[in-house]
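Trainee: Sharing a model prediction with you, sequence too.
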Amino acid sequence: MTPQPVTLGADKGYDSADFVMQLQDKAITPHVAQNTNGRRSAVDDRITRHPGYVISQRIRKRVEEAFGWAKTVAGLRKMRHRGLLKVDWQFTLAMAAYNLVRLPKLLAGVVP
């Protein structure tokens, strides 16, 4: 049984030569968004041409949407509590609320 290839999707803030090299040294394919604003990207075109790269970037966006919703709608941009346990509770409550908001859309695709 051959091992599954491992990839890591990240935003363009992680597009640095050191980070990409460390991933490649660990046999992890870096699906990092290219930062081409006035500089050369550390992620070469061989990686970005792969069909899995596009899928990783789409999934990464979907994950980030939950955190964006939590910051804007659930008020997690500014924490109202102090202490790890209280902040953890606030985050868990916000993510549970996000799941409840998504639930009708998810159930619409399920056919009994």
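Mentor: Perfect, thanks for sending it. Predicted model, so just to flag it, every value in this text is computed and none were measured.
Trainee: For G9, pull up the helix or strand it's in.
Mentor: Under the criterion DSSP states H and E, the helix or strand holding G9 is strand 6-10.
Trainee: wait, P30
Mentor: Residue-wise, P30 maps onto strand 28-32 under DSSP H and E.
Trainee: List the buried residues in that strand.
Mentor: By neighbour count with 16 or more other C-beta atoms under 10 Å, strand 28-32 contains the buried residues 29-32. In this view, the C-beta of every residue, glycine as well, is placed from N, C-alpha and C.
Trainee: I'd like the average pLDDT over the strand holding G9.
Mentor: Average pLDDT, strand 6-10: 87.
Trainee: again, but for stretch 92-99
Mentor: The predicted model gives stretch 92-99 an average pLDDT of 95.
Trainee: What are the buried residues along that stretch?
Mentor: So for stretch 92-99, counting by 16+ other C-beta under 10 Å, buried means 94-95, 98.
Trainee: Nearest to T7 among these?
Mentor: Among these, M95 lies closest to T7 (C-beta to C-beta), at 24.3 Å.
Trainee: Name all residues that make contact with that closest one.
Mentor: If you count contacts by C-beta atoms under 8 Å, 6 or more residues apart in numbering, M95 has them with 66, 70.
Trainee: Which helix or strand contains it?
Mentor: helix 84-108.
Trainee: List the buried residues for stretch 6-15?
Mentor: Applying 16+ other C-beta under 10 Å to stretch 6-15 flags 7-10, 14-15 as buried.
Trainee: Could I get the CA-only coordinates of the worst-scoring helix or strand of the chain on mean pLDDT as CSV?
Mentor: Sorting the helices and strands of the chain by mean pLDDT, DSSP states H and E puts helix 45-48 at the bottom, at a mean of 85. The C-alpha trace of helix 45-48 is given here as CSV (Å, rounded to 0.1, in the frame of the first residue of the first chain):
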residue,chain,number,x,y,z
ASP,A,45,4.6,26.7,-11.6
ARG,A,46,4.9,22.9,-11.5
ILE,A,47,2.9,23.0,-8.2
THR,A,48,0.3,25.5,-9.4
